[in-house]
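**Q** Below: sequence and its predicted model.
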Amino acid sequence: MRDASLGTQLFVLQMVIVLLAAGGTAGVWAEHTRNQLDSLYQQRALAIAQSVAALPQVREAFKLASPESVLQPLAMSVQQETGADYVVIANTDQKRYAHPNAALIGKTLSTDGTLVLRSGRSWVGTETGTIGTTVRGKTPIRDEYGTVIGLVSVGVLETTVDSQLTHALPPLIWTALAVLLAGLALAALITARVRKQTFGLEPREIAALLEQREGVLHGVKEGVLALDLNGRVTLVNDAARELLGDVGADLTQMPVSERMRDVLGGADPGEDRVVLHGERVLVLNRTPVWVRGRHRGWVVTLRDRTELVRLARELDDTSSATDALRAQAHEFANRLHTVVGLLELGEHDAAIGFITRTTGSTYATDLRERIQDPTLAALLMAKSAEAAERGARLVLSDDSSVPEGLIGDPRDAVLVVGNLVANALDALDGAEGTIEVSLQADAGGLRVRVGDSGPGIAPDLVEEVFREGFTTKAAHSGPRGLGLALTRQACLRRGGWVRVRNSGGAVFTALLPANGAKNGAKKGAANGAAHGAKDGAVDGARR
């Protein structure tokens, strides 16, 4: 049986259960029926005995010198009429006056009748006498004064009771067979259903699949999260726990942003949905699970793209710097050719004047004087060159001032300024325009203002633009809509804020507190709200 299939084992087990149930029920029923027949025949024998004991001729016969002459024919007549196997009459000395075997008349009873004779009460039970084992009833015989003068014993052989039981067995047997057939059919149906539900797999195969599934789920690098139709978490692998932390029992208990909850719950459908979770950039895909044509739930895969986004941002910065150097090299080559041509023509004074005017440009010098942090200065120079190539102009406001060493680690500052300027360039969309940048740094942190001459931001999108995944571009490739979301995240992480208003175009303002500043996130948010109220409501729409 150990090597038998699961279906065979289930079938045999169910059949054993059915056989035990049917056999046990039949045995109990037979025993109960036998007890009922015994009780019935005992009461019947007692009734016959009591009827005989009550006959007047019986009492009168006891007064005769030879009672057996009257009682023997009477007992035989009663025995024949009632179907009893014996009717015995005896006196108080237990001497027989009547017996089916006439040779035993005058001899002592083979079974003791003292209990009936002394107590004067009737008795029923099973005993073995001269004719065999019988169910019998005994009752005392009383004279006209109520004195016990003898007893009557009437019995029915056990073989007679057994024959009655045998006649009652066929219905029981047919019923048991019907139950067995029904059990056989049900066992076959249950076995087939189990095989269907287990796809015909054996327990060892199911165990192997479970082990493989656990190995695959916890071995893959991507996070896997399974949800049922009610949003309950049914499966989560190690990678998903590492990315999300405490997952919770369902969507409502997950410690995630509303944006991620919308993606997980299907309110924001689509492929490769980009969301921010803490300091991680995650890409989510939500796929329905179908089993035998029925929708059973959803599987969500989570990919960590934090490092990729960081590298892409660094690549963008490098590309911008490269473009700036290429433009400067191209411009320098043109100027150098001009100087060479003037010298070849002998126009020495003109060459000297051209060189003087060329080296007299003060933009880079002015930028470096006001933006003393080299990282920010290099970023603005690169963005200025990129703007020029795209037909725009990037200018630094007169109130800009960033002393060296005040902003500490420049990474967050580069992220905020770079993303705001890049957003402004995208807003101009290749058209001629101006981007004005204002940077002010002190012990409290860095204040950034970036305005463009583009169409502005629609009032209903003032908050939406900071949501991860949001973009106004009709077509794009790669993860978009992260720049402003990352900017807000960086500001809030250090207790600052970022906001936008319209003033001849979109104007983004951000506060990036210095590292170690005691501004909490709540204070930064409150300051942002206060500054927003001070600047006024949005008055334009990006057209």
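**A** Right, received. Where do you want to start? Numbers count the residues shown, from 1 in each chain.
**Q** send the alpha carbons of whichever helix or strand residue 425 is part of over as PDB?
**A** Here residue 425, judged by DSSP states H and E, is contained in helix 411-428. Extracted C-alpha coordinates of helix 411-428, given in PDB (Å, rounded to 0.1, in the frame of the first residue of the first chain):
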ATOM      1  CA  ARG A 411      24.800  65.300  -3.400                       C
ATOM      2  CA  ASP A 412      21.300  66.400  -2.300                       C
ATOM      3  CA  ALA A 413      22.000  70.000  -3.500                       C
ATOM      4  CA  VAL A 414      23.100  68.700  -6.900                       C
ATOM      5  CA  LEU A 415      20.000  66.400  -7.100                       C
ATOM      6  CA  VAL A 416      17.600  69.300  -6.300                       C
ATOM      7  CA  VAL A 417      19.100  71.900  -8.500                       C
ATOM      8  CA  GLY A 418      19.800  69.500 -11.400                       C
ATOM      9  CA  ASN A 419      16.300  68.200 -11.400                       C
ATOM     10  CA  LEU A 420      14.600  71.600 -11.200                       C
ATOM     11  CA  VAL A 421      16.700  73.000 -14.000                       C
ATOM     12  CA  ALA A 422      16.100  69.800 -16.100                       C
ATOM     13  CA  ASN A 423      12.400  70.200 -15.500                       C
ATOM     14  CA  ALA A 424      12.600  73.800 -16.600                       C
ATOM     15  CA  LEU A 425      14.400  72.800 -19.800                       C
ATOM     16  CA  ASP A 426      11.700  70.200 -20.500                       C
ATOM     17  CA  ALA A 427       9.000  72.800 -19.900                       C
ATOM     18  CA  LEU A 428      10.500  75.000 -22.600                       C
END
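**Q** List the buried residues for the helix or strand following it?
**A** Following helix 411-428 in sequence order, the next helix or strand is strand 433-442 (DSSP H and E). Within strand 433-442, the residues that qualify as buried are 433-441, counting by 16 or more other CB atoms under 10 Å. Every C-beta, even on glycine, is put in place using the N, C-alpha and C of the backbone.
**Q** From the contact counts, what lies against strand 433-442?
**A** helix 374-389, strand 392-396, helix 411-428, strand 445-452 (3 or more CB pairs under 8 Å, 6 or more residues apart in numbering; DSSP states H and E).
**Q** quick one, which of those is nearest to residue 71?
**A** Among these, helix 411-428 comes nearest to residue 71, with 126.8 Å by CB to CB.
**Q** and that closest one, how far out from the chain's middle?
**A** Relative to its chain's centre, helix 411-428 lies at 43 Å (CA atoms, centre = their mean, to the nearest Å).
**Q** Counting by contacts, list what that helix packs against.
**A** Using 3+ CB pairs under 8 Å, 6+ apart, the elements in contact with helix 411-428 are helix 306-344, helix 374-389, strand 392-396, strand 433-442, strand 445-452, helix 483-493, strand 506-513.
**Q** Can you convert those into CSV and add a column each for distance to residue 499?
**A** Shown next, in CSV, are the helices and strands packed on helix 411-428 (distance: least, CB to CB, whole Å):
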stretch, distance to residue 499
helix 306-344, 22
helix 374-389, 21
strand 392-396, 21
strand 433-442, 15
strand 445-452, 11
helix 483-493, 9
strand 506-513, 6
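**Q** How is this protein partitioned into domains?
**A** Domains of the chain are assigned by automatic domain parsing as 6-164, 207-304, 305-361, 370-535.
**Q** how about those domains in JSON lines, adding mean pLDDT and distance to residue 180?
**A** Below are the domains of the chain laid out as JSON lines (pLDDT from 0 to 100; distance: least, CB to CB, whole Å):
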{"stretch": "domain 6-164", "mean pLDDT": "86", "distance to residue 180": "6"}
{"stretch": "domain 207-304", "mean pLDDT": "79", "distance to residue 180": "34"}
{"stretch": "domain 305-361", "mean pLDDT": "68", "distance to residue 180": "65"}
{"stretch": "domain 370-535", "mean pLDDT": "77", "distance to residue 180": "66"}
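**Q** Which one of the ones you listed lies nearest to residue 184?
**A** Comparing these by their distance to residue 184 (CB to CB), the top pick is domain 6-164, with 6.7 Å.
**Q** Run the chain-centre distance for the closest one.
**A** Put simply, domain 6-164 sits 71 Å off its chain's centre (CA atoms, centre = their mean).
**Q** Where do the helices of the stretch 101-250 of the chain begin and end?
**A** Secondary structure of the stretch 101-250 of the chain, counting by DSSP state H, counting those that start in this stretch: helices at 114-119, 158-197, 203-219, 238-244.
**Q** Using CSV, please lay out the buried residues of strand 433-442 together with distance to residue 75.
**A** Below are the buried residues of strand 433-442 laid out as CSV (distance: CB to CB, whole Å):
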residue, distance to residue 75
433, 136
434, 139
435, 135
436, 137
437, 135
438, 136
439, 135
440, 135
441, 134
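**Q** Which one of these is nearest to residue 121?
**A** Set against residue 121, the nearest of these by CB to CB is residue 441 (119.8 Å).
**Q** hey, what's that closest one bridged with?
**A** Beta-bridge partners recorded for residue 441 (DSSP bridges): residue 446.
**Q** wait, doesn't it sit right on residue 405?
**A** No - taking contacts as CB atoms under 8 Å, residue 441 lies outside contact range of residue 405: 9.5 Å.
**Q** Name the residues contacting each of those two.
**A** Both residue 441 and residue 405 are in contact with residue 373, where contact means CB atoms under 8 Å, 6 or more residues apart in numbering.
**Q** For the residue nearest to the spatial centre of the chain, give me its contacts.
**A** Taking CA atoms, centre = their mean, the centroid of the chain lies closest to residue 234, which sits 2.9 Å from it. By CB under 8 Å, 6+ apart, the contact list for residue 234 reads 226-228, 297.
**Q** Return the distance of residue 108 relative to residue 91.
**A** 10 Å (CB to CB, to the nearest Å).
**Q** Compare the two (neighbour count), which wins?
**A** Shown here are residue 108 and residue 91; by other CB atoms under 10 Å, residue 91 has more neighbours (16 against 12).
**Q** what's the closest non-adjacent residue to the more buried one?
**A** Closest residue in space to residue 91, ignoring its immediate chain neighbours: residue 150 at 4.5 Å, by CB to CB, 6 or more residues apart in numbering.
**Q** ditto for residue 445
**A** In space, residue 445 comes closest to residue 513 once its chain neighbours are excluded; the distance is 3.8 Å by CB to CB, 6+ apart.
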